[in-house]
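> Fold the following and give me the result.
(one chain, ligands or ions: 1)
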Amino acid sequence: MRIVPEALIAGLVSPEDAFAAVEAVFAAMARGDAYNFPVVREALGEGRQYGFKSGLDRAGASLGVKAGGYFPGNAARGMINHQSSVFLFDPESGRPLAIVGGNLLTALRTAAASAISIDRLARADAKVLGIVGAGHQAGFQLRAAARVRRFDRVIAWNLHPEMLPKLGAIAAELGLPFEAVDLPRMIGADVIITITSSPAFSLALAHVSAGVHLACMGTDTVGKQEVEPALVAAASVFTDEVAQSVTIGEAQHAVGSGLITAASIVPLGDVVIGKHPGRRSADEITLFDGTGVGLQDLAVAGVAVARAAERGLGTVLDV
Ligand code: NAD
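As a prediction, this is how the structure comes out:
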């Protein structure tokens, strides 16, 4: 068994690797070669969440689990709020293969998922990127989005405006003008990424224009919400996994209030393998409900372990 600690991940897995690995696993899910096991998620009190995301990918020969959660007090102690580790097993024998630091991998695979949705669903001529949220994940989202469309500026809103300059610095690094705006100004965005831990929606139908693509990435638990249900109902909804979308994703609210049905939600993998055409017109609102599936974690952890093995990195233990 190989241990690949958090500190090695940045040198082993690039955003491009994450994009390719996550796209391949979405395709495997759409073909029925890979599936996620039910998510376990428990509230530990004081806003802490802990759980397990796991799955089996027969095509990619991976089996495993990500254990971890969200610990909102961490930022004040100089740590990121998400803490996780990925455990990989041999799908044939069940033997443990690897323990991999999961923090950077989570950010990379989450940003990859929204970038894949932008790549596949946003209008080709998208110029203005809107971001709702400015926490740890937001910068990864911005960088990944900038790889798939030639944006010419970024507009952003955050409940806590003092967090926005950090995101602005990343936009500057990418050569993109950055402006902090009120939510109604999101009407000028061609693509909007939402990446907050909000318990109630901020972005409303009245805040967006026809033809926008939304990547809703923050809602990954019962009770979180970023987008008005009427906006979800006005959109063509895509997701990483329908079962998660309707239970822990953004669609939980629109489905729960009867505005849309689970049957109307399309796995993004169907678009990747050509089973669904994706966007059908320039005026269509498309919305990706990115809930974060265990198979994404296993896919990027698999890349990390393969690279570490090639380079003789990490610690190998006999277990
Ligand atoms: P963070 O704690 O670093 O930042 C939280 C963000 O939410 C900040 O922008 C903050 O201002 C905002 N926020 C907090 N309370 C709010 C409220 N009441 N209304 C509106 N905004 C509010 O968190 P992060 O690591 O950036 O993660 C953001 C979200 O993304 C979390 O909900 C996290 O669970 C989720 N997430 C999802 C996936 C996925 O695969 N879908 C993966 C990782 C994280």
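> and the nearest residue to A262 once chain neighbours are set aside, how many neighbours?
Spatially, and ignoring its direct neighbours in sequence, A262 is nearest to V246 (4.7 Å; Cβ to Cβ, 6 or more residues apart in numbering). In this view, the C-beta of every residue, glycine as well, is placed from N, C-alpha and C. By other Cβ atoms under 10 Å, the residues close to V246 number 23.
> Then V246 would be within a helix, right?
Yes: under DSSP: H, G, I helix; E, B strand; the rest coil, V246 falls within a helix.
> Helices of the stretch 51-200 of the chain, start to end?
For the stretch 51-200 of the chain, helices defined by DSSP state H, counting those that start in this stretch occupy the ranges 103-121, 136-148, 164-173.
> Alpha carbons of the longest one, as CSV, please.
Extracted in CSV, the C-alpha atoms of helix 103-121 (Å, rounded to 0.1, in the frame of the first residue of the first chain):
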residue,chain,number,x,y,z
ASN,A,103,-7.8,18.2,0.2
LEU,A,104,-6.3,19.6,-3.0
LEU,A,105,-7.7,16.7,-4.9
THR,A,106,-11.2,17.7,-3.8
ALA,A,107,-10.7,21.3,-5.1
LEU,A,108,-9.2,20.1,-8.3
ARG,A,109,-12.0,17.5,-9.0
THR,A,110,-14.7,20.0,-8.1
ALA,A,111,-13.3,22.7,-10.3
ALA,A,112,-12.8,20.1,-13.1
ALA,A,113,-16.5,19.1,-12.9
SER,A,114,-17.8,22.7,-13.3
ALA,A,115,-15.2,23.3,-16.1
ILE,A,116,-16.5,20.2,-17.9
SER,A,117,-20.0,21.6,-17.6
ILE,A,118,-18.9,25.0,-18.9
ASP,A,119,-17.0,23.3,-21.7
ARG,A,120,-20.0,21.2,-22.7
LEU,A,121,-22.9,23.5,-22.0
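> tell me what it is packed against?
If contacts are counted by 3 or more Cβ pairs under 8 Å, 6 or more residues apart in numbering; DSSP states H and E, helix 103-121 sits against helix 6-12, helix 15-31, strand 82-89, helix 136-148, strand 213-216, helix 268-272, strand 286-289, helix 294-311.
> Contacts made by the worst-scoring helix or strand of the chain on mean pLDDT with the rest, please.
When each helix and strand of the chain is scored by mean pLDDT, DSSP states H and E, strand 40-45 comes last, with a mean of 92. The contact list for strand 40-45 (Cβ atoms under 8 Å, 6 or more residues apart in numbering) reads Q49, Y50, G51, F52, G69, T221, V222, I248.
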